[in-house]
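**Q** just a sequence and a predicted model for now, questions to come.
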Amino acid sequence: MSPLFEINTVDQQFYEDRLRAFLPDRILDVHTHVWRKTFRRAAPTGRAVTWPLRVAEEQTVENLLTTYERLFPSKSVRALIFSFLESHDDDFAGANAYVSQCAREHDLSALVFASPQWSADRLEQEIIRGGFLGTKVYLTLAAPNIPVADITIYDFLPHHQLEVLDHHGWIVMLHIPRSARLRDPVNLSQMLEIERTYPNIKLIIAHVGRAYCPEDVGNAFETLAKTERIMFDFSANTNAQVFEQLIRTVGPRRILFGSDLPITRMRMRRVCDQGTYVNLVPRGLYGDVSDDPHMREVDGPEAESLSLFLYDQIDAFRKAAERTALTAPDIEDVFYYNAIRMINQVAQRPDGPIG
Ligand SMILES: [Zn+2]
């Protein structure tokens, strides 16, 4: 286990006081990354933030399962796992084979980490051969000539792949692009178009569409009120106000718990400063962060009071659940049953990946 990951008395107190009784006994985490550092061969593309790699340069499946035991004592946690790659020069074959093997050996569910360059046939074969339940796509894999601010969903989740995913009723884990995040009109119109055009896809919008600050919301929830199936995970997001709007808009049956481990092992608290999220971290713990606008170091009692990103994330959801009067069965849906229902639907389809 990385020396960056310690559980101290602040964490134990936080878990006992706010989380243990709130969390159901069984949890299914739909968003977690499992990879070995040797699979990431290429230099960063400059299209994604770099601070997550300060938390962990790899996460083996053993490491993930140990993390669950340490973070959620007395709970049983299962996962939907996928890799963490960034460039076409990374080792896709090795990374996906590793995730497939981890899922088989530990009875977990998994998504293939797909390249937008793959044909429909190639994607279908990769998913079936690896025993995957769908695909995880990433904006850094869009064609290199597109400026990062102009990347749209279809640049890394092309229509020919959506067609085969729809045919099989597979899962798509989608981290949306663009600097306006959830409120971006291109993102919103493409999300609605995917739901309408590909009704069998189980589309999960990661991190509540990266709406980490109130300024990221705009009129997104008014638009999303027109959707019927799109699901949202609230991984790596700590904004109770956004969660509250999400619950009021789509209800507890379309919200899924995800951790985005290993980055949420980070010791920090997130604040918003003029519309941008900032991770407050203990000075020195994550190296020299002076050039990263999303990182700010704190000292003394403020630093000592910091707990873990994942605990803060779940606590924010707990507050939103309280304000919206979610019931205990609603909470069980969000943390377990919604995910189990989705996974069973995929696994039981006759043309699905089982067999
Ligand atoms: Zn992630």
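**A** Arrived safely, thanks for sending. Everything quoted here is computed from the prediction, not taken from an experiment.
**Q** what residue ranges in the chain score low on pLDDT?
**A** 1-4, 349-355 (pLDDT under 70).
**Q** could I get the full set of strands for it?
**A** Secondary structure of the chain by DSSP state E: the strands cover 26-33, 76-82, 109-110, 112-113, 134-137, 171-174, 202-205, 231-233, 255-256, 269-273, 276-282, 295-298.
**Q** Arg196: neighbouring residues, count only.
**A** Neighbourhood size, Arg196 [other Cβ atoms under 10 Å]: 12. Every residue, glycine included, has its C-beta placed from N, CA and C.
**Q** ok, the residue lying closest to Asp89 once chain neighbours are set aside - contacts?
**A** Spatial nearest neighbour of Asp89, excluding adjacent residues (Cβ to Cβ, 6 or more residues apart in numbering): Ala42 at 3.8 Å. Taking Cβ atoms under 8 Å, 6 or more residues apart in numbering, we find Ala42 in contact with 86-90.
**Q** Ala42 and Asp90, how far apart?
**A** With distances taken as Cβ to Cβ, to the nearest Å, Ala42 is found 5 Å from Asp90.
**Q** what do you get for Leu64?
**A** On the measure of Cβ to Cβ, Leu64 and Asp90 end up 20 Å apart.
**Q** what's in contact with stretch 185-195?
**A** 152-154, 162, 176-178, 180-182, 201, 203, 205, 209, 220, 223-224, 226-230.
**Q** same thing with stretch 321-338?
**A** 22-24, 26-28, 231, 240, 243-244, 247-248, 252-257, 317.
**Q** one more time with 10 Å
**A** For stretch 321-338, the surrounding residues in contact (Cβ atoms under 10 Å, 6 or more residues apart in numbering) are 22-30, 75-78, 231, 233-234, 240-241, 243-248, 251-257, 314, 317-318, 320, 339-341.
**Q** drop anything exposed from those residues.
**A** The neighbour count (16 or more other Cβ atoms under 10 Å) marks 23-24, 27-30, 75, 77-78, 231, 233-234, 240-241, 243-247, 252, 254-257, 314, 317-318, 320, 339 as buried among those.
**Q** ok, now which ones touch the closest residue to Ile205 other than its chain neighbours?
**A** Spatial nearest neighbour of Ile205, chain neighbours left out: Phe232 (4.9 Å); criterion: Cβ to Cβ, 6+ apart. Residues near Phe232 by Cβ under 10 Å, 6+ apart: 182, 203-209, 211, 224, 243, 246-247, 249-250, 254-256, 258.
**Q** residue contacts, the residue in the chain sticking out farthest from the centre?
**A** Among the C-alpha atoms of the chain, the one most distant from their mean position (Cα atoms, centre = their mean) is that of Gly300, at 31.6 Å. Gly300 makes contact with 282-283 under the criterion Cβ under 10 Å, 6+ apart.
**Q** now with 7 Å?
**A** By Cβ atoms under 7 Å, 6 or more residues apart in numbering, the contact list for Gly300 is empty.
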